[in-house]
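A.B. asks: I'd like to go over a predicted model; first the sequence, then the structure.
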Amino acid sequence: MAEATSTATDLPLKIITGADAFGASLKDAMVSHLRSLNIDVEDTGVSSYYSAGSEVGRRVSASSSSSSVIRGLVCCGTGVGVAMFANKFPGVYAATCLTVEDAVNARSISDCNVLALSGAKTSPESAVEIFDAWIKTPFKSPCPASGSEPWSSEISSFLDDSLPEMRQIGNSTAGSCAICCLAKEREFTPVEIMPGGSMKIMRETPTSAIVKFRAGSVEPAHHHTFGHDVVVIRGKKSVWNLSKKERVDLVDGDYLFTPAGDVHRVKYHEDTEFFISWDGHWDIFLDEDLDTAKKAIEQEASWS
């Protein structure tokens, strides 16, 4: 391993720690070590591995725009679960390190700012060595992955360019994240098989979406391999469940569940928007064409 070039003055001003029950004793040992180095420690305690990782990740993420240097240290049985949940927050680069080489590579290549340790595989003594290497290794320094030699100018430029791109991950509100999919950012995709309709997937498996249809649109009889829940946000629609020989008229706020496999036809009397959710991936199977559906609806209207 290359010699650490940092000094005590380069150490972070604060490290936020957390663990689950399987990593609690290792976390406590590391908290004692950090304090012996005069590092400010904020210990979030012991919780589930997903809560511990999420809480440390959230706090490190929130501090990413501040002038203070704040990093995280998380422990669970394997060190994997806490890292996965910490990494769900923008600006967090958590890595599970089982060796000193892992720690040096993680810092040099990815500017890792959350160290994840395994309570089951790593002794307190080894954890101290891993942490000390991690905390003292600057970004882009020689590391085992570089053969302990300085990075070439080409790779060094690549590493520099990667950091701004990494910081953007998780920041966009225009993606498919259910939390980020605000109405003002919502872009609908036409449902080609259903003229007049468009959809925005909000979440995948279990899946939810916002669907819009123009007034006068008709969904020909069709079925899905999944049952689905519908809540009308605004508008008016009629749903014929042909399998059960039932008709339901829905307006703002109304709810309807259609079981898997039930064949149903829909008519939109006004511009309509509704929320729909189902288990699994989207599919649709037509049981009639559009002209047949329109004629059936017109025929029923003439009888009433």
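C.D. replies: Structure's in. What do you need?
A.B. asks: okay, CA-based contacts and neighbour counts for the rest of this
C.D. replies: Fine.
A.B. asks: Against which helices or strands is the lowest-mean-pLDDT helix or strand in the chain packed?
C.D. replies: Among the helices and strands of the chain, helix 153-168 carries the lowest confidence by mean pLDDT, DSSP states H and E, at a mean of 80. Packing partners of helix 153-168 (3 or more CA pairs under 8 Å, 6 or more residues apart in numbering; DSSP states H and E): helix 100-110.
A.B. asks: Give me the contacts around the helix it packs on.
C.D. replies: By CA atoms under 8 Å, 6 or more residues apart in numbering, the surrounding residues in contact with helix 100-110 are 1, 93, 95-97, 112-113, 115, 129-131, 133-134, 137-145, 159, 163.
A.B. asks: how distant is the next helix or strand after that helix from the center of its chain?
C.D. replies: Once helix 100-110 ends, the next helix or strand along the chain (criterion: DSSP states H and E) is strand 114-118. The chain centre lies 20 Å from the centre of strand 114-118; the measure is CA atoms, centre = their mean, to the nearest Å.
A.B. asks: mind listing what strand 114-118 pairs with, with the direction of each?
C.D. replies: strand 70-76 (parallel), strand 94-96 (parallel) (DSSP bridges).
A.B. asks: export those strands to CSV and tack on distance to residue 223 and mean neighbour count?
C.D. replies: Converted to CSV, those look like this (distance: least, CA to CA, whole Å; neighbours: other CA atoms under 10 Å):
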stretch, distance to residue 223, mean neighbour count
strand 70-76, 45, 30
strand 94-96, 44, 26
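A.B. asks: could you dump the ones you listed to JSON lines with distance to residue 61?
C.D. replies: Converted to JSON lines, the strands paired with strand 114-118 look like this (distance: least, CA to CA, whole Å):
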{"stretch": "strand 70-76", "distance to residue 61": "9"}
{"stretch": "strand 94-96", "distance to residue 61": "11"}
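A.B. asks: Tell me which of those strands sits nearest to residue 83.
C.D. replies: strand 94-96 (5.3 Å; CA to CA).
A.B. asks: quick one: residue 154 and residue 238, what's the gap?
C.D. replies: For residue 154, the distance to residue 238 (CA to CA, to the nearest Å) stands at 62 Å.
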